[in-house]
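> Sequence and predicted structure are below.
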Amino acid sequence: MLLTHAEIVALALSFKVSLVGVACSLPVAVGCAWLLARTRFFGKPVFEGLLLLPLILPPVVTGYVLLILFGHHGAIGRWLDAAGLSIAFRWTGAALAAAVMAFPLLVVALRNAFESVDRKLEHAAATLGAGPWRIFFGITLPLSARGLVAGLALAFARAFGEFGATITFVSSIPGQTRTLPIALYELISMPGGENGALRLTLVAVVVAVIASLIAALMLLRGGTREAEA
Amino acid sequence: MRVIQRLAACVIVAVAGALASMSAAAAPPTIFAAASLEPALDQMAHDGALGSPAPRLVYAASSALARQIENGAPADLFISADERWMDAAAQRGAIVPSTHTDLLGNALVLVAPSDSTARLDLAQGAASVLETLGRDGRLAIALPDSVPAGIYGKQSLTKLGMWDALQPRMAMTRDVRAALNLVVLGQCPIGIVYRSDAVSEPRVKVLATFPAASHKPIVYPAAIVKGHDGAATRALLAALQSGQAHDVFRRWGFDVLAH
Amino acid sequence: MIELDLALQRSEFSLELALRSPARALALFGPSGCGKTSTLLAIAGLLHPRRGRIAIDGHALFDADANIDLPPARRNLGVVFQDARLFPHLSVRDNLRYGMPRAATAQRFDDVVQLLALSAFLKRKPGQLSGGQIRRVAIGRALLREPHALLLDEPLANLHREARAEVLEYLRGLKRGFTLSTILVSHQPDEVIALADSVALIEDGRLAALQSIDAFQSSIAASGSLLAAKACASG
């Protein structure tokens, strides 16, 4: 089962877009997850709801919002254009769409991971003189590593399969924004494109299965470890 | 665990409700129509030109509609923006061949935002278009291998010798409405859409019209979906060919073919 | 000099305590649930009293009137929690070093390790240690912070007999070897007698009495098993 050149380009682009997207999403997700897990503030439920929006809104709507904000003449897009950092119709735009769509999954997983860390250990670290950053990087993060990896695997899978927001925001441009899901959509939209679509579907299934296995492995082993302790 | 049980109950109720509504006997007829027909058909339904109760109108890319109908979607009538997709549906036995009617025609145009100062001359070939695109601009066009508007666009550009030069500068969209939208929003300086799309959208203006000879005739065939042939559906098909319907179609930029 | 003047509201009880003690090692003694641990957590900065003042050797850690409320990290206390709270992902060595000030010497580290006989398992993780060993590491970790004062919350709780004896011996050695102010929370008379100079008797969230260790020892002996039995039964 060999892929055509165009299909390989789409596959490689999908990996690039998903990895960059999740990597950019991660620091923001970590910050938001920590706020949700460890702090209380006025309006917290509203904040939570906003973070989950990309999960609830139709992806096309999210894509449209990205287009308005980050496209040419957009509120943020015009500054990017002026600085020569335009993301409209570029793979960086596709990465942003992937990042936004994967973000809620990442936040939820990270929040659960942080909440599973015993706060008493964090208190002990504080009495030993550690400031909040040192506690976070030295205690909270290492102890939530499993949940973190599981969350990353799931977020990557979501980013990899992202279609609606991407095609609405940055359209389909081979080599720039035509990711594997978009290439797949084009193939099933062509009479006679079924064979290529099948090939790409199998590739997508393999990626999804690997990601799910990683997530399950992380979460399962983490649970067993706790039971033994 | 109780949360999961409640969630499962909601899903079951929702699915049951959907199934129930689908099998309701007194449901209005459903038309699956290409996206570009939306303003015209909506107006007709609103004016009562399509009978009562007004039909349910579902718009999408012809490719998606054809596939759904082939897989048993509950449509009574199918209007495609492309002969190819109607033929594909016919091949799969999804439509009633004797009801196949060439309903409408259209033209293919190049549009720009209404405040654009660009001037385009198709006789000058790709150079004129590239000049309008500038350094970074992209040409919005529906997917050229699957969406009818894109297929016609590819035919025209190829016939006029502009395809190779313009292909790397394209932004290919999911359907023709998305391409139109990109031009409206100022994301693309030019787009290829139907004349009917340009008529329905005051925020764009036509820069040039592709010669009819440069692409296969744009025909909107209509047909009754297999298994949904009946008095109501035939009446609906007839209503789409009435004088009142013709007036509306022409006003929205279509050519009328059927009589 | 240990100054405690605080009022704490918890869901199960309310605590009001006021005492000044020149003792170097003060024990807070009383039955379980009378607020001893909460007092310790308040001194550590992990619970916030409604009002009052907490000061050790003149350093104010909390003073409601003067608007002082140092965060736990700045109180410079060595806290040995009842549940030890060793970091499970760090080795014993890294646990011990966690709170060490930058200027601390390697000699200091070796001294404490030797005092508590920890050298045999520096490379192990807490999950591989026995109850008594865990307790000793917790004490070492608190000591290596080079704090102004040491807070011990029921240091011998939930240890079986051999481990109790083992840790008690180490604590005695500590008392001999270090001159730190110490506040010890306990409901076991033998711990208190071994480690404290002065005892604050706490009952129902109030200070019942402040005694020297000798007076405490006598009253334990005199009231026979009554006080001891009361303390042990509810502990």
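Cool, the structure landed.

> I'd guessed A:Phe136 sits against A:Leu35; true?
No - if you go by C-beta atoms under 8 Å, A:Phe136 and A:Leu35 don't touch, sitting 11.7 Å apart. In short, each C-beta sits where N, CA and C put it, glycine included.

> The residue of chain B found nearest chain C: how many residues sit nearby?
Using C-beta to the nearest C-beta, the single residue of chain B nearest to chain C is B:Arg2, 26.8 Å away. The criterion is other C-beta atoms under 10 Å in any protein chain shown. On that basis, B:Arg2 has 6 neighbouring residues.

> What separation is there between it and B:Ala8?
B:Arg2 sits 11 Å away from B:Ala8, going by C-beta to C-beta, to the nearest Å.

> Then C:Leu201?
58 Å.

> Next: A:Asp118.
Counting by C-beta to C-beta, the gap from A:Asp118 to B:Ala8 is 33 Å.

> contacting residues for the residue nearest the centre of chain C?
Taking C-alpha atoms, centre = their mean, the centroid of chain C lies closest to C:Leu152, which sits 1.4 Å from it. By C-beta atoms under 8 Å, 6 or more residues apart in numbering or on different chains, the contact set of C:Leu152 is C:80, C:139, C:171, C:182-186, C:195.

> Might you name the residue of chain A sitting closest to chain C?
Closest point on chain A to chain C, by C-beta to the nearest C-beta, is A:Leu128, at 3.1 Å.

> For that residue, give me phi and psi.
phi -90, psi 10 (degrees, to the nearest 10).

> contact partners of the helix or strand harbouring A:Phe169?
In the assignment (DSSP states H and E), A:Phe169 maps to helix A:164-170. Residues outside helix A:164-170 that contact it (C-beta under 8 Å, 6+ apart) are A:54, A:58-60, A:62-64, A:66-67, A:70-71, A:87-90, A:93-94, A:96-98, A:100-101, A:176-177, A:179, A:181-182, A:185, B:171, B:173-174, B:178.

> redo that, cut-off 7 Å
For helix A:164-170, contacts defined as C-beta atoms under 7 Å, 6 or more residues apart in numbering or on different chains pick out A:58-60, A:62-64, A:66-67, A:88-90, A:93-94, A:97-98, A:100-101, A:177, A:179, A:182, B:174, B:178.

> For chain A, what lies in contact range of chain C?
With C-beta under 7 Å from any C-beta of the partner chain as the criterion, chain A meets chain C at residues A:120-121, A:123-131, A:139, A:142-143, A:229.

> Among those, which lie within helices?
Within those, residues falling in helices by DSSP state H are A:120-121, A:123-127, A:142-143.

> nearest to chain B, of the residues you listed?
Nearest to chain B among these, with distances taken as C-beta to the nearest C-beta, is A:Leu143, at 26.6 Å.

> which residues does the closest one contact?
So A:Leu143 contacts A:117, C:89 (C-beta under 7 Å, 6+ apart).

> State the distance from it to A:Ile76.
36 Å.

> B:Gly48: neighbour count?
Quick note: B:Gly48 (other C-beta under 10 Å) scores 11 neighbours.

> What score does it have for pLDDT?
Listed pLDDT for B:Gly48 reads 86.

> Show me the helices in chain B, by range?
Using DSSP H, helices in chain B cover B:2-22, B:38-47, B:62-70, B:83-91, B:126-133, B:148-159, B:163-166, B:176-184, B:195-200, B:231-239, B:243-251.

> Pick out the residue in chain A sitting closest to chain B.
A:Ser189 (3.4 Å).

> on that earlier part again, show me which of the contacts of C:Leu152 is closest to chain A.
C:Val80 (9.7 Å).

> list the contacts for that closest one?
C:138-139, C:142, C:151-153, C:155.

> per-residue pLDDT, the residue in the stretch 1-150 of chain B positioned nearest to chain A?
Residue of the stretch 1-150 of chain B nearest chain A, by C-beta to the nearest C-beta: B:Ser146 (3.4 Å). As predicted, B:Ser146 sits at a pLDDT of 86.

> Surely it and A:Gly192 touch.
No - with contacts counted by C-beta atoms under 7 Å, B:Ser146 stays clear of A:Gly192, the gap being 10.6 Å.

> Chain C: helices as residue ranges?
C:36-44, C:92-97, C:106-115, C:131-144, C:161-177, C:189-195, C:213-222, C:225-234.

> residue closest to the middle of chain A?
A:Ala102 (3.0 Å).

> And A:Asp118 and B:Ala8? Which one has more around it.
A:Asp118 (14 against 10).

> Just want to check the distance between the more buried one and A:Ser86.
In terms of C-beta to C-beta, A:Asp118 sits 47 Å off from A:Ser86.

> Can you give the contact residues for stretch B:229-237?
So stretch B:229-237 is contacted by B:29, B:50-51, B:55, B:76-77, B:96, B:99, B:101, B:222, B:224 (C-beta under 7 Å, 6+ apart).

> The helix or strand containing A:Val203 - what's its average pLDDT?
For A:Val203, the enclosing helix or strand under DSSP H and E is helix A:194-228. Per-region confidence: helix A:194-228 scores 79 on mean pLDDT.

> what do you get for stretch A:76-96?
Computed over stretch A:76-96, the average pLDDT equals 94.

> now swap in stretch C:92-108 and tell me
On average, stretch C:92-108 scores 91.

> That one and chain A in contact?
Yes - on the criterion C-beta under 7 Å from any C-beta, stretch C:92-108 is in touch with chain A at C:98-99.

> then that stretch to CSV, C-alphas only?
In CSV, the C-alpha atoms belonging to stretch C:92-108 read as follows (Å, rounded to 0.1, in the frame of the first residue of the first chain):
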residue,chain,number,x,y,z
VAL,C,92,16.1,10.1,49.9
ARG,C,93,19.2,12.2,49.2
ASP,C,94,17.1,14.7,47.0
ASN,C,95,14.4,14.7,49.6
LEU,C,96,16.9,15.6,52.3
ARG,C,97,18.5,18.3,50.2
TYR,C,98,15.2,19.9,49.1
GLY,C,99,15.1,22.7,51.7
MET,C,100,18.8,23.1,52.2
PRO,C,101,19.9,26.8,51.9
ARG,C,102,22.4,27.5,49.2
ALA,C,103,25.2,28.3,51.6
ALA,C,104,24.8,25.0,53.4
THR,C,105,27.9,22.9,53.7
ALA,C,106,28.5,19.3,52.7
GLN,C,107,29.6,18.7,56.2
ARG,C,108,26.3,19.7,57.6
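
> Okay, buried residues for that stretch please.
C:92-93, C:95-100 (16 or more other C-beta atoms under 10 Å in any protein chain shown).

> quick one: which of the residues you listed is nearest to chain A?
Checking those one by one against chain A (C-beta to the nearest C-beta), the nearest turns out to be C:Gly99, at 3.1 Å.

> what's around the nearest residue to the closest one once chain neighbours are set aside, how many residues?
The shortest distance from C:Gly99 to any non-neighbouring residue, by C-beta to C-beta, 6 or more residues apart in numbering or on different chains, is to A:Leu128 (3.1 Å). For A:Leu128, the neighbour count with other C-beta under 10 Å is 26.
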